[in-house]
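Below: sequence and its predicted model.
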Amino acid sequence: MDAREFAENWVKAWNAHDLDALLAHFTEDVVFTSPVAAQLTGTAVIRGKDALRAYWSEGLRRIPDLRFEVVGVYSGVDTVVINYRNQKGGLVSEVLHFDGPLVREGHGTYLGDDTNPAGAKD
């Protein structure tokens, strides 16, 4: 898996708000954690592709101008970290652990301790 190519596909899908293209990169039993998930769904741990779709759908509903710009891509053993700037200019990193070609675990991480890091409207 080429980390840079994955990140290009990832950001293209996000910026198009194309959840089908985005979710195609994740296993059915994916686990994803994020402080934004806690704000939008009441839990910081999202389990399964259907739950991830529901979380991201709600995020896009609440943040219709959501847009990302990749700042850096880092690769490790079965891991890719995508550092990006969101529509509010905030720096975010997604830490993605792979099982073969698909993401089995992901973590949204935010710079600093903002109470509303993604700019979601409560």
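Happy to help now that I have it.

For the chain, which segments count as helices?
3-15, 19-23, 35-41, 49-62 (DSSP state H).

burial measure for the nearest residue to Asp29 once chain neighbours are set aside, as a count.
Among residues not flanking Asp29 along the chain, Gly48 sits closest, at 6.0 Å (Cβ to Cβ, 6 or more residues apart in numbering). Where C-beta positions appear, they are placed from N, C-alpha and C, glycine not excepted. Using other Cβ atoms under 10 Å, Gly48 is surrounded by 15 other residues.

ok, now Lys88?
15.

any idea of the pLDDT on it?
At Lys88, the pLDDT value in this model is 92.

same thing with Ala120?
On pLDDT, Ala120 comes in at 45.

Identify the residues contacting the residue nearest to Asp29.
Residues near Gly48 by Cβ atoms under 8 Å, 6 or more residues apart in numbering: 28-30.

that older thread, compare the helices of the chain and report which one is nearest to Val80.
Judged by Cβ to Cβ, the one of these that comes nearest to Val80 is helix 3-15, at 4.6 Å.

Can you mark which positions in the closest one are buried?
3, 6-7, 10-11, 13-14 (16 or more other Cβ atoms under 10 Å).

quick check, nearest of these to Tyr74?
Once Cβ to Cβ is applied, the member of these that ends up nearest Tyr74 is Ala3, at 7.3 Å.

surely that closest one meets Val77?
No: Ala3 lies out of contact with Val77 (Cβ atoms under 8 Å); the separation is 11.7 Å.

Compile the buried residues of helix 3-15 into TSV and extend it with columns for pLDDT.
TSV is the format used below for those (pLDDT from 0 to 100):
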residue	pLDDT
Ala3	96
Phe6	96
Ala7	97
Trp10	97
Val11	97
Ala13	97
Trp14	97
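
Make a markdown table out of those and add distance to Asp65.
Shown next, in a markdown table, are the buried residues of helix 3-15 (distance: Cβ to Cβ, whole Å):
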| residue | distance to Asp65 |
| --- | --- |
| Ala3 | 27 |
| Phe6 | 24 |
| Ala7 | 21 |
| Trp10 | 18 |
| Val11 | 15 |
| Ala13 | 16 |
| Trp14 | 12 |
